[in-house]
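In: Sequence plus predicted model, see below.
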Amino acid sequence: MEQTKEKKQLPVNIIAYRLVKKKINKFTRRILGLSSLFILLSSFSLNNNPIIPSENILTVENLRALLEAEGVQHADIVLRQAIQETGWFKCTSCSLSKNNIFGFYYKKKYLTYDDWQDCVRYYKRWQDRHYKGGDYYAFLKKVGFATDPMYEKRLKALTVKE
């Protein structure tokens, strides 16, 4: 007995239907995969990188504006102090990671602030308690803020655009 296997021929429209269905399923899986990936990435970036209003970003202009708004005395010198302490707000191994733009410390540890604006407000309170007038550079040296003998010279050498 000879068995012949006959290929069952399907009508052309059924073959075309199956091919189209296969392509649609593949396309759908890709879209769903990309959609899921997009949703995952967008939720990750929104949770970890909140949009920060421009006035909350630490810049020379924003710092100057806050120093003036808070009534910090000798704001031009204090601005240069923050720049000196943080390397133009770019240091990676300084107190900037704790929003401490002036390098305040207690018991050999940097103080931590919620944001750099809180550090400015702390500076204002510190200044009101300790500064009684006169040469501000001499004051900084007297209170131990300027421990480096070149601190005053470095502050004066900093050029900050108006």
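Out: That came through fine. Numbering: from 1, shown residues only.

In: okay, now the domains of this protein?
Out: Listed by automatic domain parsing, the domain ranges of the chain are 9-51, 54-157.

In: Need the contact partners of stretch 77-90.
Out: 58-60, 63-64, 67, 72, 94-96, 101-103, 123, 127, 136-137, 140, 145, 151, 154-155, 158, 160 (CB atoms under 8 Å, 6 or more residues apart in numbering). Where you see a C-beta, it was placed from the backbone N, CA and C, and this is true even at glycine.

In: follow-up on the earlier one: output the domains of the chain in CSV, with mean pLDDT and mean neighbour count appended to each entry.
Out: Formatted as CSV, those follow (pLDDT from 0 to 100; neighbours: other CB atoms under 10 Å):
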stretch, mean pLDDT, mean neighbour count
domain 9-51, 67, 10
domain 54-157, 93, 15
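
In: element containing the nearest residue to Gly71 once chain neighbours are set aside, please.
Out: Nearest non-adjacent residue to Gly71, counting by CB to CB, 6 or more residues apart in numbering: Lys124, 6.8 Å away. Using DSSP states H and E, Lys124 sits within helix 116-130.

In: got the CA positions of stretch 64-79 in CSV?
Out: The C-alpha coordinates for stretch 64-79 follow below in CSV (Å, rounded to 0.1, in the frame of the first residue of the first chain):
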residue,chain,number,x,y,z
ARG,A,64,22.7,86.9,44.2
ALA,A,65,18.9,87.6,44.1
LEU,A,66,18.3,85.5,47.3
LEU,A,67,21.2,87.1,49.2
GLU,A,68,19.7,90.5,48.4
ALA,A,69,16.2,89.4,49.2
GLU,A,70,17.2,88.0,52.6
GLY,A,71,19.2,91.2,53.4
VAL,A,72,22.6,89.4,53.8
GLN,A,73,25.2,92.1,54.4
HIS,A,74,28.2,92.2,52.0
ALA,A,75,26.3,90.1,49.6
ASP,A,76,29.1,90.4,47.0
ILE,A,77,31.6,88.9,49.3
VAL,A,78,29.2,86.2,50.5
LEU,A,79,28.4,85.3,46.9
